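Asks: just a sequence and a predicted model for now, questions to come.
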Amino acid sequence: MPGKNSDTRYTKEHEWVRLDGDIVTVGITDHAQQQLGELVFIELPELERDVVAGEACAVVESVKAASDVYAPLAGRVAEINETIVEDPEIVNNDAEGEGWFFRLEIDDTAAFEELMDQEAYDDYLETL
Amino acid sequence: MSETLQTTPLEQWHRHHGARMVPFAGYSMPVQYDFKGELAARCKGGVMAEHLHCREQAGLFDVSHMGQAMLHGHGTAAALEQLVCGDIAGLKPGRQRYTLLTTATGGIIDDLMVANLGPEGLFLVVNASRKAVDFAHIGTVTPVKPLEDRALLALQGPAAAAVMARIAPGATDLPFMGIARLMVAQVNCLVSRSGYTGEDGFEISVPRGMAVTLANRLVAQPEVVPAGLGARDSLRLEAGLCLYGNDIDETTSPVEASLTWAISKRRKMVWDFLGGAAIRAQLDNGPSRRRVGIRPDGRAPAREHTAILAPDGQEMVGEITSGGFGPSLNAPMAMGYVRRDLSDDGTKLTLMVRGKPLPATVVPLPFVPHRHVR
């Protein structure tokens, strides 16, 4: 599966988080995109916005419903993926790659280590 | 969940076809499918794909959760007319009509279909969530015989007629809102030409024990795939049709709900039905609010309970009652109630979506033109 490796962590809210230096890239998992179905609208956070861990900061909408996407870690929004706003289908096609949502400059890289690794996330999915 | 959900006779059939089952009005119902095998080659499944397949070919909906009942005997039409705003006495055998059960104050207890089956009596189809209320209410004027032993399937879409022509002799002779007892795939059914999508289509009442057989025969036709409640909702909203509990309820009148057309001409002469005086007064004086179609600018959907403000973004003037994204419209769409002076087509409104003002416009309904046969 593309993008799933040991440097990627996951949240119970079905976000994936990839660390590079003090920047994390965040998106929704393939499981999440499957559950949501075809996305028709995405709203991303504003650049430079400070977020706390667990804060709702993006929105995905399918035909049926709207869902929040949460900041997995505290930090500042450093980059957003405008291409998924133009074409939300990218997230359905490649949720854990081209369909990334935003990048956060994080204060505490140790907190990253506390997120679920792939094995833990896969186990978590089994419980749902 | 502590409450046990009721199931339709197609529960296992849905699961076999990859349905995601959800609770709806006390029933376990398919919201969407992840098709496998041959059906996957026709349609990948999911709300959007099922919706588009229904507009392009045909979708098969299990609506067995809805309430079916018979009213037998002489004088039942006159009895029922005490409670509904439609002309039931004037309904010809083999015809059905959309009508409303009204409250004493002019609210809506339910919207329903009433069919005249001739000597057999009147056949009713009511909303699942309102079955108990409706049947108790109607039971005060005439005995109600609920048809617990019947399932209900809806075949909807431009290919529905070609499918029925193959397996149900006589079905395509039915005009829109016509109804008849017919053999469908060698099963004795009650078939009406009606639906909840704006497309041509048929609603098929079938004995519970034959529902799986019939569903299998229908999806064996190359145009047909099952479609879930998700697609049913986006299709009906594009068609501008009300969902009971969202767009209409006991606090909304037929006049406010822009359903005045459902009050038959003869009934408007005398207003002799429950709540008739209140509804007449509202029609004479004008309602304070009206249900309208709303198109948000841009791509962001505005969902139910979204606040509607005046164009200046200050004053609260209404609320969205149904809202989503229209797959065929390829744009967000909504219905809601707005103050009457802001209910004309073309009026600009402001919707508050996640704390931000979203410009929107009042538009005529339906969003997608109906394609019923005439």
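Replies: Arrived safely, thanks for sending. Everything quoted here is computed from the prediction, not taken from an experiment. Residues are numbered from 1 along each chain as shown, chains lettered A, B, ... in the order given.

Asks: can you find the helix or strand in chain A with the smallest mean pLDDT?
Replies: Within chain A, confidence by mean pLDDT, DSSP states H and E is lowest for helix A:109-113 among all helices and strands, at a mean of 91.

Asks: need the residues of chain A near chain B, please.
Replies: Counting by Cβ under 8 Å from any Cβ of the partner chain, chain A comes close to chain B at A:37-38, A:40-41, A:43, A:59, A:61-66. C-beta coordinates here come from the backbone N, C-alpha and C atoms, glycine included.

Asks: picking up where we left off before, what comes up buried for the least confident helix or strand of chain A?
Replies: Within helix A:109-113, the residues that qualify as buried by neighbour count (16 or more other Cβ atoms under 10 Å in any protein chain shown) are A:111-112.

Asks: now tell me what touches that helix from outside.
Replies: Helix A:109-113 is contacted by residues A:9, A:17, A:19, A:22, A:24, A:53, A:73-74, A:106 when judged by Cβ atoms under 8 Å, 6 or more residues apart in numbering or on different chains.

Asks: stretch B:361-373 now?
Replies: In contact with stretch B:361-373 (Cβ under 8 Å, 6+ apart) are residues B:55, B:158, B:161, B:175-176, B:193, B:198-200, B:237-241, B:258, B:292-295, B:297, B:326, B:328-329, B:333, B:335, B:338, B:342-349.

Asks: ok, the residue of the stretch 251-374 of chain B found nearest chain A - contacts?
Replies: Of the residues in the stretch 251-374 of chain B, the one nearest chain A is B:Phe325, at a distance of 4.3 Å by Cβ to the nearest Cβ. In this structure, B:Phe325 makes contact with A:40-41, A:61-63, B:234, B:301, B:331-333, judged by Cβ under 8 Å, 6+ apart.

Asks: looking at those residues, which is nearest B:Ala78?
Replies: Nearest to B:Ala78 among the contacts of B:Phe325: B:Ser234, at 39.1 Å, using Cβ to Cβ.

Asks: what pLDDT does A:Met1 get?
Replies: For A:Met1, the pLDDT comes out at 39.

Asks: where does the prediction get shaky in the chain?
Replies: Went with chain A since none was named. Along chain A, the parts satisfying pLDDT under 70 run over A:1-6.

Asks: ah, no, chain B please
Replies: Within chain B, the stretches with pLDDT under 70 are B:1-3.

Asks: same list (the contacts of helix A:109-113) but as JSON lines, adding neighbour count and secondary structure.
Replies: Formatted as JSON lines, the contacts of helix A:109-113 follow (neighbours: other Cβ atoms under 10 Å in any protein chain shown; DSSP: H, G, I helix; E, B strand; the rest coil):
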{"residue": "A:Arg9", "neighbour count": "23", "secondary structure": "strand"}
{"residue": "A:Val17", "neighbour count": "22", "secondary structure": "strand"}
{"residue": "A:Leu19", "neighbour count": "17", "secondary structure": "strand"}
{"residue": "A:Asp22", "neighbour count": "14", "secondary structure": "coil"}
{"residue": "A:Val24", "neighbour count": "26", "secondary structure": "strand"}
{"residue": "A:Ala53", "neighbour count": "16", "secondary structure": "coil"}
{"residue": "A:Leu73", "neighbour count": "25", "secondary structure": "coil"}
{"residue": "A:Ala74", "neighbour count": "16", "secondary structure": "coil"}
{"residue": "A:Ile106", "neighbour count": "24", "secondary structure": "strand"}
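
Asks: and which of those residues is nearest to B:Ser205?
Replies: A:Val17 (52.3 Å).

Asks: any idea how far chain B is from that closest one?
Replies: Distance of A:Val17 to chain B, computed by Cβ to the nearest Cβ, to the nearest Å: 23 Å.

Asks: ok, back up a step: the residue of the stretch 251-374 of chain B closest to chain A - that's part of a strand, no?
Replies: Yes - under DSSP: H, G, I helix; E, B strand; the rest coil, B:Phe325 sits within a strand.
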